[in-house]
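1. Provided below are the primary sequence and the corresponding predicted coordinates.
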Amino acid sequence: MSEKELSAAEAELYDRQIRLWGIESQSRLRAANVLLIGIRGLGSEIAKNILLSGINSLTILDEGVVTENELLQNFLLNRDSIGQKIAEAVLSKAQALNPLVKITTDTSPLSEKTSAFYKDFTIIVATGLTTKQLIEIDSICRDFNVQFICGDVFGMFGYSLSDFQMHEYYVDQIRLPNRKRAHDGKASTSSEVITEKIQAKLNYPSINDALLNADSSAKGRRKRGLQLYYLMKLLIQFRDKNGRNPSVSSKDDDLAQMKAIRNEYLQDYQIKEENFKADVLNLVFGEITPICSIVGGVVAQEVIKAVSHKEAPIHNIFLLNPYTFSGKEEMVGA
Amino acid sequence: MISSAVPSVLKDNVRELIPTAKILVVGAGGIGCEVLKNLALSGFSDIEIIDLDTIDVSNLNRQFLFRKEHVGKSKAEVAKESILNYNPDISIKAYHDSITSQEYGVNFFKRFSVVLNALDNRAARNHVNRMCLAADVPLIESGTAGYSGQVQFIKKGVTQCYECQPKPPQKSFPGCTIRNTPSEPVHCIVWAKHLFNQLFGEDDPDQDVSPDTADPEAAGSVANNLHQSTDAGNVQRTSTRQWAQQTDYSDVKLFNKFFNDDINYLLSMENLWKSRKPPEPITWEAATACEGEKKEISDDVASDMEVWPMYLCAEIFSSTIGTLKKELVNKEFLIWDKDDKVALNFVTACANIRAHIFSIAKKSRWDIKSIAGNIIPAIATTNAMIAGLVVLIAFRVLAEDYEECQSIYLRQKSVHSNIILAPDFFIDKANPNCYVCAEQPYVSVYVNVEEMTVKEFESEVLKKTLNMIAPDVILDGKGVFVISSEEGETEINNDKKLSALGIVDGSILKADDFLQNYNLTIGITNYIAEKDEPLFKIDAKSEELQPNQQNGRQNGSTDKSAQQENDMEVDDDKNDVEFIAPPVDDDDPQEGTSTKKRKLNPPEDEDEDLIMLDDP
Ligand SMILES: [Zn+2]
């Protein structure tokens, strides 16, 4: 971690974003060490955005191997990558996105990682994990005060889920000059715009609470807004059970399985049939690039907010509607 | 055969169309790079990309198809190479050119299934809008500014066009505010840029920097009767440039004229200061003797963000004049560029000296660069989100599911709203009185027919304001050929006043832009501008043209004030503007939140999740 001031070269490179989030945020980004678990379609989008933002280091953890299918949804790869470890194959293009960031690749299995591995990161970003993995890593993060965010894309659907624990942040609030004076024609007082730093706090529920204890907090009308939350939960549950995402190559079986989970949910959570139509399950196959582009933008922006402690972050779930492309924040688990 | 990159969840008809659909991407900047990537990874394989620009270092934080070694090269060409490196089987054609050039006529546009705009300026957006209307090709328009962005689908006969709703005019400041009575930092910055142009740039009579004796507010002041004989340099017809040359660009003489003599002259226009704090002139001697912490100017951001003390402003005034004078030796004139250190230092020094004189807050070089260069902040994440939406809308456009192609707004997450991506509920219907897409386009122009020349009418009204490229104009009923797009045919009219050609109150002009396939009827109304009023005005037919307020939107109309802040007259830094109109910013609780918010947030019961639309 370097305490030096931003160099002239960095100022030039990051000019257009420093003009948005300020020099203090850029300095905090510059000190951030990020772990990214999973560099597939969504992971490559997140990696691109946070590398461009100018963090200190990025560790890419993925034990997978590049297949024909993987190549189709990851622009950090090309045809020569087939057969290589994904984390290693993306390295040269990832590094080219920003030569100032130190990138490390790690192709060992997640199961071998102990809490010592996680504790020194500023923030951990995960894609493609199971409920158990998410809860375990989050609880380590809580022990070591490391921020955590995960996200996934399933076909036309996508979400992010974050645990920034007790997160303190600030926003710059602009006070406009007194306009009355300007209108009476006589005014000559300076109409200086004043920027105030407003401090705020958000307390995040753990991933465990967000995924497993949601129903206690969601009641009546509010619950109706959570259909996409249950879709998210259903898809993670599918992954838990099958060790993979729903796949076009086994579409009929996967659909049947998902429909069965949906029926359980309708019962267990008392959701009305018309509020969680089975049709939506047809849309969750594949990792569609434009959806990755959107969700990857959202997740990376949350990473930037978490690290810089600037601007109000999403608290705690972002859900992208696969029909309307509306994107909403939902608070679940607190 | 459908490539396996085509998303399997799309409807069959779309899946079949994607591999052969011909796509034009206009602009390879922040949104353009992301759009190209999304297209390539969604199975599109026939893409053309056009961009006039070359790559700059400040692009690299978001235009991720480019790297440091590409600086100075064509954006379109490098973007193409980068996409081919990912997939060499994609057919991609690059044009390092302006989309408004004559080669890209209606037939060029007709070849495409859909056009995706990823532009950075309004003039090019207006032009592509007209070309797509003329060619009847669907257009997806997009823009971002900072954390905000939007996507809008445009199709002739189905939706609004880009020009259906009047956009606020570029912000400009009255001459007398700039020359006589500045009250904000931006007034001093504009003045300093004008001073640069007066001393070193191309001659522009609209950028006079000396006191404006015609200021009606000053009427009756003693000085007004004396000004013919004064030697303050401001009213003689010797230009500022000639005068500066006569002094051999003496720093002391220039300083004393602009910051002492001219200010004393302003003070003599007493009426101006009856309700204002009068300015305090400062001489070179006084400025250089000012106390202040000794400082070096360096290039790191922290010192860039500090405000220079007066003595340093004076020193930099002097040293930059010396350098600029030398640069001018073999040139006719210099062009102001925010990325030119010397030019920026000159403007920073002059703006701050003037701010000091008028008791206005001084600004750092960093801030002055933003304002003078009209820099709009831009980040990768916003562009990625908007470009994702562009391609999702493109899927629906190919399927001709136009009713599902509502505009979508990206808004910064705030404590006031939990909606980050907000789609409109309906697509916007065309404005029947739009002067671009209406059946018989018509516009009223209010202009002083005794004062405005044909040349000014062509450049300011037809080209700059109505965005025509090469108009032919005849005076209706009289058969008088006023302006021809053919060189040499109507040059003789250039310096004539409109009235000299018989154009008077009530005249009708027929304007025809062959390139845009655009015919416009112009009704002339004679109009004499009052103080602080623009020299001319345009008005599409009726009140109905007001931005619509209640058409079932979730997100409301575009925010005029926010756009004005960005669209300053000061300079159009095209490299940095990826922007149409930011969505309503509801973050500032001081700005009438209560009414706005009610409009913005859908009623609680209207839960659009999952139940709103049928399967795509
Ligand atoms: Zn229109």
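-> Yep, it's here.
2. so after the top helix by length along chain A, what's the next helix or strand?
-> What stands out as the longest helix in chain A, according to DSSP state H, is helix A:289-308. With elements assigned by DSSP states H and E, the helix or strand that comes after helix A:289-308 is strand A:317-320.
3. Output stretch B:187-205 as CSV, nothing but the C-alphas.
-> Provided in CSV are the C-alpha atoms of stretch B:187-205 (Å, rounded to 0.1, in the frame of the first residue of the first chain):
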residue,chain,number,x,y,z
HIS,B,187,-18.2,35.0,-15.8
CYS,B,188,-14.6,35.6,-15.1
ILE,B,189,-13.5,32.4,-16.8
VAL,B,190,-15.5,33.2,-19.9
TRP,B,191,-14.0,36.6,-19.9
ALA,B,192,-10.5,35.1,-19.6
LYS,B,193,-11.0,32.8,-22.5
HIS,B,194,-12.3,35.7,-24.6
LEU,B,195,-9.1,37.6,-23.6
PHE,B,196,-7.0,34.7,-24.8
ASN,B,197,-8.8,34.9,-28.1
GLN,B,198,-8.5,38.6,-28.3
LEU,B,199,-4.8,38.5,-27.7
PHE,B,200,-3.8,35.3,-29.5
GLY,B,201,-6.8,33.7,-31.1
GLU,B,202,-9.0,34.1,-34.1
ASP,B,203,-10.8,37.4,-34.3
ASP,B,204,-14.3,37.2,-33.0
PRO,B,205,-16.2,40.5,-32.4
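4. What are the buried residues along it?
-> By neighbour count on 16 or more other C-beta atoms under 10 Å in any protein chain shown, the buried set for stretch B:187-205 is B:187-201. For the C-beta atoms, the positions are set from N, CA and C on the backbone; glycine is no exception.
5. Nearest to residue A:316 among those?
-> residue B:189 (43.1 Å; C-beta to C-beta).
6. near the ion, anything from stretch B:512-528?
-> No: between stretch B:512-528 and the ion, judged by C-beta under 5 Å from the ion, nothing touches; the nearest distance is 11.5 Å.
7. What strands flank whichever strand in chain B runs longest, and is each parallel or antiparallel?
-> Using DSSP state E to define each element, chain B has its longest strand at strand B:518-526. When pairs are called by DSSP bridges, strand B:518-526 turns out to pair with strand B:442-447 (parallel), strand B:508-513 (antiparallel).
8. Show only the entries of the buried residues of stretch B:187-205 found in helices.
-> Going by DSSP H, the helices hold B:187-199 from those.
9. Run a quick neighbour tally on residue B:155.
-> 22 (other C-beta atoms under 10 Å in any protein chain shown).
10. That one touches residue B:139, doesn't it?
-> Yes: with contact defined as C-beta atoms under 8 Å, residue B:155 and residue B:139 form a contacting pair (7.1 Å).
11. residue contacts, the single nearest residue of the stretch 51-200 of chain A relative to the ion?
-> Here the stretch 51-200 of chain A gets closest to the ion at one residue, residue A:156, 31.3 Å apart by C-beta to the ion. For residue A:156, the contacting residues are A:283-284, A:288, A:291, A:322-323, B:7, B:9, B:616, by C-beta atoms under 8 Å, 6 or more residues apart in numbering or on different chains.
12. how much space is there between residue B:422 and residue B:407?
-> Using C-beta to C-beta, to the nearest Å, residue B:422 is found at 9 Å from residue B:407.
13. follow-up on the earlier one: how far does the longest strand of chain B sit from the chain's center?
-> When C-alpha coordinates are averaged (C-alpha atoms, centre = their mean, to the nearest Å), strand B:518-526 and its chain have centres 24 Å apart.
14. helix or strand right after that strand?
-> strand B:536-540.
15. What are the buried residues along that following strand?
-> B:536-538, B:540.
16. Identify, from those residues, the entry nearest to chain A.
-> residue B:537 (21.2 Å; C-beta to the nearest C-beta).
17. Same list, the strands paired with strand B:518-526, but as JSON lines with mean pLDDT and distance to residue B:182 please.
-> As requested, those are arranged in JSON lines below (pLDDT from 0 to 100; distance: least, C-beta to C-beta, whole Å):
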{"stretch": "strand B:442-447", "mean pLDDT": "95", "distance to residue B:182": "28"}
{"stretch": "strand B:508-513", "mean pLDDT": "96", "distance to residue B:182": "38"}
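18. how about TSV for those, with mean neighbour count added?
-> Shown next, in TSV, are the strands paired with strand B:518-526 (neighbours: other C-beta atoms under 10 Å in any protein chain shown):
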stretch	mean neighbour count
strand B:442-447	20
strand B:508-513	19
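19. Ok, which of those comes nearest residue B:30?
-> strand B:508-513 (29.7 Å).
20. what sits up against the closest one?
-> Taking C-beta under 8 Å, 6+ apart as the rule, strand B:508-513 contacts B:130, B:462, B:466, B:468-477, B:482, B:485, B:503, B:518-524.
21. Equivalent analysis for stretch B:239-250, please.
-> B:198-199, B:203, B:208-210, B:233, B:253-254, B:257, B:321-322, B:325.
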